[in-house]
Every structure is written in structure tokens, then in C-alpha cells.
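Trainee: the following block contains a protein sequence and its predicted model.
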Amino acid sequence: MIAPPAELANKLAALAQARHLTVVVAESCTAGALARILSDAEGAAGFFHGGFVTYTKRHKARALGVPSQLLQREGAVCPEVARAMAQGALLHSEADLAVAITGVAGPEPDEDGNPVGRVCIAVARRDGAVHDIEREYGAIGRDAVRERAIADALAALIEAGAMAAAA
């Protein structure tokens, strides 16, 4: 079982500070909750640059540069959009690592027919490496979907931070 988000945030904080890494987030279905957890981590000012809450397709395109054609073709919840969100967050910040979360927390499927509980996460590093994750949490409730997505995003950031440090 994955650790609670606050515990993961503190683990990420320690890693980021030890490796002199900084983090930015791009969130959709989590609506800033990941940024809140990171801002509560010990020493947040030393590693957390901030984030983007891009709840709509139009805002994903405008704020993060996600191609409109991609959003029209694939919808907002797919690995390609998560990757573009993470890369856009890096482009619009000075951070070393970016994580993006896009998904359907519920209570209904989204306008593109994605089921409740579908979430795509991507982590991008300044060196160009990008990794994405797809999850199907199911209709477990909005808060539970968001909590699991945040925990998975933090775990992915920790892994990317460890790899960046080794590179």
C-alpha cells in the first residue's frame, strides 16, 4: 500500500532539498490539493515553486500550452495530455521537476466519456525525460480518487527525483 500523501510529501521534500531539486505542479482533477500538500511539507519554500490549476481544456491550452488539437482529438484525460501539461509546467517555470494530474474524480463521467476514477499522471524532468502513469481507481468517491492520484503523483516525483539525482 502506498504511504499517505503528507508522508510522501515530506519524503519528497527531504530528497529535493538533499539533491537541490525544485518542483512545480500542474493539476486538473485535484484542483490544487497537491500544491497544498507540498506547501505544507517541511522546508517547502526551499523546493516547491508553485503550480497551475487548469481545470478546463481551454485553460490547459492557454496556461500550459497543451495543443488544442490534442485536447480535441484525445480529450483531457489521456497520457499525452498529462505529458503535455507536465512539459508546459516546466516551460513556464524554473523548476527541475514537474508533475501533472488530469482525470475524472466524479461523480459523473467527463464530457469525453472517460469513466469516474480514470486518472493520468506525468512527471517531466528538466533533462527532457518524461514518464506517465494511467490509473483506473473506479467510482470510489471524489475525495478518494483525488487522494490516490496525489499519492501516486508524489511517488512518481520521488522516483523521478532519485533518477535525476543519479543522472
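Mentor: Structure received. Computed from a predicted structure; not experimentally measured.

Trainee: which stretches in this structure count as strands?
Mentor: 23-27, 48-53, 97-103, 118-125, 130-136 (DSSP state E).

Trainee: of these, which is nearest residue 68?
Mentor: strand 97-103 (15.1 Å; Cβ to Cβ). For every residue, glycine as well, the C-beta is placed using N, CA and C.

Trainee: please name every helix or strand in contact with the closest one.
Mentor: Secondary-structure packing of strand 97-103 (3 or more Cβ pairs under 8 Å, 6 or more residues apart in numbering; DSSP states H and E): strand 23-27, helix 79-91, strand 118-125, helix 142-166.

Trainee: ok, and which of these has the densest surroundings?
Mentor: Mean neighbour count (mean count of other Cβ atoms under 10 Å) peaks for strand 23-27 among the helices and strands packed on strand 97-103, with a mean of 28.

Trainee: check the offset of it from the chain's centre.
Mentor: 6 Å (Cα atoms, centre = their mean, to the nearest Å).

Trainee: likewise for stretch 13-27?
Mentor: 13 Å.

Trainee: start and end of it, how far apart?
Mentor: For stretch 13-27, the first-to-last residue distance is 19 Å (Cα to Cα, to the nearest Å).

Trainee: confidence score at the residue most central in space within the chain?
Mentor: The residue lying closest to the centre of the chain (Cα atoms, centre = their mean) is residue 100, at 2.6 Å. Turning to residue 100, the model gives it a pLDDT of 98.
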